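A.B. asks: Model the following, please.
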Amino acid sequence: DLGADVDTRTDIYSLGVILYELLVGELPFDFSVAMKKAAFEEIRRKICEDEPAPPSRRASTLSDGARRLLDHQGGNVTGLQKRLRGDLDWITMMAMSKERARRYATASELSLDIDRYLRDDPVTASPPSATYRFGKFARKHRTTVGIITGLLLLLTVGSTAITILWVRAEADRRLAETRRQEAVSSEKKATDARREAEGARFEAESARSVVEESLRITTKQRDEILRLADSQLIREYRRSAEKLWPAHPEQVGPLTKWLQAARDLVARTSAHSETLKRLTADLESNPDDLNLRWQVEVLREVVEGLRALADPDPTHGLIASVEDRLRFASSIRERSIDGVAARWREATESIQDGEECPDYEGLTLEPQIGLLPLGRDPNSQLWEFAHLQTGEAPERGADGKLVITESTGIVFVLIPGGEFRMGAALPAPRRPVGTPNVDSFAETDEMPMRSVLLDPFFLSKFEMTQGQWFYFTGSNPSYHHEGNYTSAYNREGKGHSLLHPVENVSWDECEAVLTRMALTFPTEAQWEYAARANTTSVWSSGDEEKSLEGYANLADIYCRENGGPSDYLYSEILNDGYSVHAPVGSFLPQDFGLHDIHGNVLELCRDWYSRNARLPLNPGDGERQVKDTRARVCRGGAYSNPPSAARSADRNNYSPAGRSFDLGVRPARKIDF
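C.D. replies: Have a look, this model is predicted:
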């Protein structure tokens, strides 16, 4: 399988090697001292191209150590070969097949074939011959076959007796001497038959003892293989559960199937626990038995893994988490579409109405799974939607504004498509007054300006909160959180809450979480377009630093005088009342109704970072076509930055794995057509 993708059947080969060693006490290949000195390519060739001898044939060439171990167990090579020949040979060689497609597809299939062998059922790895299957039937149904054989024997003996009587009657009519000789001959035959029967009974008893001993040894080997298989299955189920996202209706079937298989696996916890107790006691009596110690370690890992799978807390137990996911996937269509058809009808008709919502230019919006229409923002007049997988849907107050709490989920704004000028330009004597995006702080990676046309998309009205992250993941990675009493907020007496933006998260971590929710990052083109909200000024609030007052949380006078680090570049104009990030929505929204678009925390974007602003952009979403993969773009500035770092055109970057106390995310979502 060199050069092919590694999958479960690679693990099946490893299980086949372990089964081979358990059966004969030797590895499939004899890597002698001379072989160990051979070139690596020769060793690799032997493993990949040479077929190992079947276990029954290998038993004839056991090492002295393996023969001594077999003798110690009361066995012999001939008996071992008989036990291995047939089913165990076939099962082992199928698991170790050089052709990946000929191996068992999963560890469960291997386990089922071993169970068939122990029940004397035909194994799937066997040649499908009638003789083999009749032999299996005879061994499994010994009583029935014995009765039938006895009846046939009885009929034969009866027929023979009748013949003898007839012969004797004929002989009586002829010669008395002949009758006597016949009687003597019959008695001799009966004596010989009794002796043969006694010999056959003795052989049958001996064979039964051999079979019982083989069954005992095979059962022990099967249990060891099953423990290894369950250890692998635990890892497989964890990997496969990560693929069953997002929790939408199409995942109901796969989630249900996964839960049934996982529950069947967990049902073996009790049996594994009992075996672990027994093996642990044996290890205490034989502390130097390395094989026994290895078995205890593997089994302990299996039991702990099964208990973790079955933990009833969804934040720790995978089965409970998948059950929650299944409940959500089963109900989300009713909650977000079918059960709120009137709300969607109102939203789609309003959005398509060119007079009521001219910004959308007649956009036809189908109902979006997982989103609930909330109506239009009273100021921006853009439609807003609740994301039901990250918390509760908010209500609108008497003033028409959304009432946001710690349990509120993500609120998306439907951003209309359009064309805008991306980037910035330095002031120049010949540049006419009123030239868009003129910015004295402009840097080379923001130039030249370019026209970008974008499709409509959803963008979060607020930065993602700690509450929303915790609601979905069950954890809160933020440094400035409610329980951190060394934070500057708590020194000020303001405290932290789940309404503060989540931070101290990496791009990689955010990407994994957002993908599970069918969400994404905005591209930096989408971010700048939404941040500008049809403005061409330095900030969406204006060209002067003073215009940010009430709109942004940045490094300012208050931060400097209330525990801010000495290396911050502080604004001498702004005084926002916060030393670190503020609860989302604490500051005024810009024209698209987005809060904290400047300051609070840096916001990660989808693009890889490049200083070359001339690179082409993908049509529709504007993602920059970058080959460099060292850093991801982030935008908007943070509480730790001066106003110049929070400009609409300013570009920053972070390593995909990097974290920071001032780095967060504003989720986006594609429109489902």
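
A.B. asks: drop to CA atoms for contacts and neighbour counts, all remaining ones
C.D. replies: OK.

A.B. asks: what ranges do the helices span in the stretch 251-400 of the chain?
C.D. replies: With helices called from DSSP state H, counting those that start in this stretch, the stretch 251-400 of the chain shows them at 252-266, 269-285, 290-310, 318-336, 341-352.

A.B. asks: for these, which one sits closest to residue 475?
C.D. replies: When the helices of the stretch 251-400 of the chain are compared by CA to CA, helix 318-336 sits nearest residue 475, at 13.5 Å.

A.B. asks: quick revisit: output the helices of the stretch 251-400 of the chain in a markdown table, with mean pLDDT appended to each entry.
C.D. replies: Output for the helices of the stretch 251-400 of the chain, formatted as a markdown table (pLDDT from 0 to 100):
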| stretch | mean pLDDT |
| --- | --- |
| helix 252-266 | 96 |
| helix 269-285 | 93 |
| helix 290-310 | 92 |
| helix 318-336 | 96 |
| helix 341-352 | 97 |
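
A.B. asks: Just give me the neighbour total for residue 402.
C.D. replies: The number of residues packed near residue 402 is 17, by other CA atoms under 10 Å.

A.B. asks: now the closest residue to it other than its chain neighbours: how far from residue 384?
C.D. replies: Once flanking residues are discounted, residue 402 sits nearest to residue 396: 4.3 Å by CA to CA, 6 or more residues apart in numbering. Using CA to CA, to the nearest Å, residue 396 is found at 11 Å from residue 384.

A.B. asks: closest to residue 630 out of the helices of the stretch 251-400 of the chain?
C.D. replies: The closest of the helices of the stretch 251-400 of the chain to residue 630 is helix 318-336. By CA to CA, the value is 33.4 Å.

A.B. asks: circling back: looking at residue 396 and residue 384, which is more packed in?
C.D. replies: Taking neighbours as other CA under 10 Å, residue 396 and residue 384 compare with residue 384 leading, 25 against 13.

A.B. asks: Verify the stated contact: the more buried one with residue 413.
C.D. replies: Yes - counting by CA atoms under 8 Å, residue 384 does reach residue 413; the two are 4.5 Å apart.

A.B. asks: Hmm, residue 633 and residue 602 touching each other?
C.D. replies: No - look at residue 602 against residue 633 with CA under 8 Å: they stay out of range, at 10.0 Å.

A.B. asks: if you count what's nearby, which of these two comes out ahead?
C.D. replies: Neighbour comparison, residue 602 and residue 633: the larger count goes to residue 602, with 31 against 22 (by other CA under 10 Å).

A.B. asks: residue contacts, the more buried one?
C.D. replies: 634-638, 662-665 (CA atoms under 8 Å, 6 or more residues apart in numbering).

A.B. asks: what's across from it in the sheet?
C.D. replies: Beta bridges link residue 602 to residue 663 when assigned by DSSP bridges.

A.B. asks: Relative to residue 657, how far out is it?
C.D. replies: 15 Å.

A.B. asks: Likewise for residue 120?
C.D. replies: On the measure of CA to CA, residue 120 and residue 657 end up 55 Å apart.

A.B. asks: These two - which one has more neighbours?
C.D. replies: residue 120 (18 against 12).

A.B. asks: Can you classify that one by secondary structure?
C.D. replies: coil (DSSP: H, G, I helix; E, B strand; the rest coil).

A.B. asks: Please apply the same query to residue 458.
C.D. replies: strand.

A.B. asks: Next, count neighbours for it.
C.D. replies: If we define neighbours as other CA under 10 Å, then residue 458 has 22 of them.

A.B. asks: now do the one 10 residues further on
C.D. replies: Taking other CA under 10 Å as the neighbour definition, residue 468 ends up with a count of 24.

A.B. asks: how near is the closest residue in space to residue 300 that isn't next to it in sequence to residue 229?
C.D. replies: Spatial nearest neighbour of residue 300, chain neighbours left out: residue 276 (6.8 Å); criterion: CA to CA, 6+ apart. Separation of residue 276 from residue 229 (CA to CA) stands at 16 Å.

A.B. asks: Low-confidence stretches in the stretch 351-500 of the chain?
C.D. replies: 485-494 (pLDDT under 70).

A.B. asks: Using CSV, write out the CA atom coordinates for stretch 583-595.
C.D. replies: Extracted in CSV, the C-alpha atoms of stretch 583-595 (Å, rounded to 0.1, in the frame of the first residue of the first chain):
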residue,chain,number,x,y,z
PRO,A,583,-18.8,44.2,26.5
VAL,A,584,-19.9,44.0,22.9
GLY,A,585,-22.3,46.7,21.9
SER,A,586,-20.9,49.2,24.5
PHE,A,587,-20.1,51.7,21.7
LEU,A,588,-22.2,53.2,18.9
PRO,A,589,-22.7,51.2,15.7
GLN,A,590,-21.6,52.4,12.3
ASP,A,591,-23.9,52.8,9.3
PHE,A,592,-24.3,49.0,8.7
GLY,A,593,-25.3,48.6,12.3
LEU,A,594,-22.0,46.9,13.2
HIS,A,595,-20.6,47.5,16.7
